[in-house]
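[1] model this:
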Amino acid sequence: MCEYIEPEKRFKHYKIRHTVVFFGSARTQPDDSLTRQYYHDAYKLSYLLAQYGKELEAVHDGFVICTGGGPGIMEAANKGANEAGVYSIGLNISLPFEQIPNQYISQELNFEFHYFFMRKLWFLYHAKAIVVFPGGYGTLDELFETLTLVQTNKLQKQEIPIVLYDENYWNKLINFQMLIDYGYIDKKDFDLIHFCNSPEEGIEYLKPRLKRLIEKVNHTIEEQ
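    Numbering: from 1, shown residues only. Sure thing, here's the model as predicted:
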């Protein structure tokens with residue numbers, strides 16, 4: 001219960017109504033020859049989104065960046081928001097390895113969860129866009145759970161953009177066309193995702209969709 005009540009209380013207090021959620025590997029390193037580009041691109045895309053969130057807030061309602069709170073892609077996204085001068089959320093989970101809160105999370109919005117299901121609830125409750133960078137089992141779990149909720153109409157925000165970063169990586173990893181060919185998903189299910197290959201491409205795709213969804217859907221937790 002405390003993993004429901006405490007985030008709810010803090011989100012009320014800090015007027016968190018909308019988020020853009022970044023998923024991706026904790027093992028992505030800024031100095032690794034294979035993964036460093038993902039780190040720097042996640043940082044840049046988060047920075048651009050955070051700036052856009054401030055623009056929206058000035059005229060209507062903005063959003064904040066939300067991550068799983070750990071290192072790698074999560075750190076990069078929190079860092080981008082931090083350097084844009086805005087709040088960002090870290091939804092940490094107690095794990096035997098890798099999951100140490102990164103230094104760029106806004107301390108007021110730094111959480112530690114024991115239960116995965118409660119963490120996932122807060123990932124998606126305020127989410128108005130999902131950005132998925134390359135990752136392993138955890139990232140795949142988060143991606144496919146989100147896709148399943150949208151596909152089965154369990155997530156009210158049917159228009160939520162789900163962006164997969166680096167089309168080449170994802171097409172090598174998952175044969176989406178085979179799922180369609182075998183009839184395991186419909187063509188419209190594949191249309192739930194959008195690939196992008198640069199921070200600039202990502203921000204241009206997300207901006208109009210974020211604005212539209214923020215104006216349309218507001219899961220506000222009202223202060224009592």
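
[2] wait, what's in contact with the residue nearest to Gly90 when sequence neighbours are not counted?
    Leaving aside its sequence neighbours, Gly90 sits nearest to Gly69 (Cβ to Cβ, 6 or more residues apart in numbering; 2.9 Å). Backbone N, C-alpha and C define where each C-beta goes, glycine included. Neighbour list for Gly69: Asn78, Ile89, Gly90, Leu91, Asn92, Ile93, Gln99, Pro101, Asn102, Ile105, Asn110, Phe111 [criterion: Cβ atoms under 8 Å, 6 or more residues apart in numbering].

[3] repeat that for Phe113.
    Glu3, Leu91, Asn92, Ile93, Ser94, Arg119.

[4] Leu206 now?
    Val20, Leu49, Ala129, Val131, Pro161, Val163 are the contacts of Leu206 under Cβ under 8 Å, 6+ apart.

[5] how about Ile193?
    Leu147, Ile162, Val163, Leu164.

[6] out of those residues, who's nearest Asp189?
    Nearest to Asp189, judged by Cβ to Cβ, of the contacts of Ile193 is Leu147 at 7.6 Å.

[7] report pLDDT for the nearest residue to that closest one once chain neighbours are set aside.
    In space, Leu147 comes closest to Leu192 once its chain neighbours are excluded; the distance is 6.0 Å by Cβ to Cβ, 6+ apart. Confidence at Leu192, expressed as pLDDT, is 96.

[8] which residues does Leu192 contact?
    Contacts of Leu192 (Cβ under 8 Å, 6+ apart): Leu147, Val150, Gln151, Ile162.

[9] the helix or strand hosting the first one: how far from the chain's middle?
    Meaning Leu147. Here Leu147, judged by DSSP states H and E, is contained in helix 137-151. In terms of Cα atoms, centre = their mean, to the nearest Å, the centre of helix 137-151 is found 12 Å from the chain centre.

[10] ok, now stretch 194-210?
    13 Å.

[11] elements contacting the longest helix seen in the chain?
    What stands out as the longest helix in the chain, according to DSSP state H, is helix 36-59. With contacts taken as 3 or more Cβ pairs under 8 Å, 6 or more residues apart in numbering; DSSP states H and E, helix 36-59 sits against strand 19-23, strand 64-67, helix 73-83, strand 162-165, helix 199-216.

[12] got the buried residues for the last one?
    Applying a neighbour-count criterion of 16 or more other Cβ atoms under 10 Å, the buried positions in helix 199-216 are Pro199, Gly202, Ile203, Tyr205, Leu206, Lys207, Arg209, Leu210, Lys211, Leu213, Ile214.

[13] what's the second one in contact with, if anything?
    Right, Gly202. Leu45, Leu48, Val131, Val163, Tyr165, Cys196.

[14] ok, and the most crowded of those residues?
    Neighbour tally across the contacts of Gly202 (other Cβ atoms under 10 Å): the maximum, 28 neighbours, falls on Leu45.
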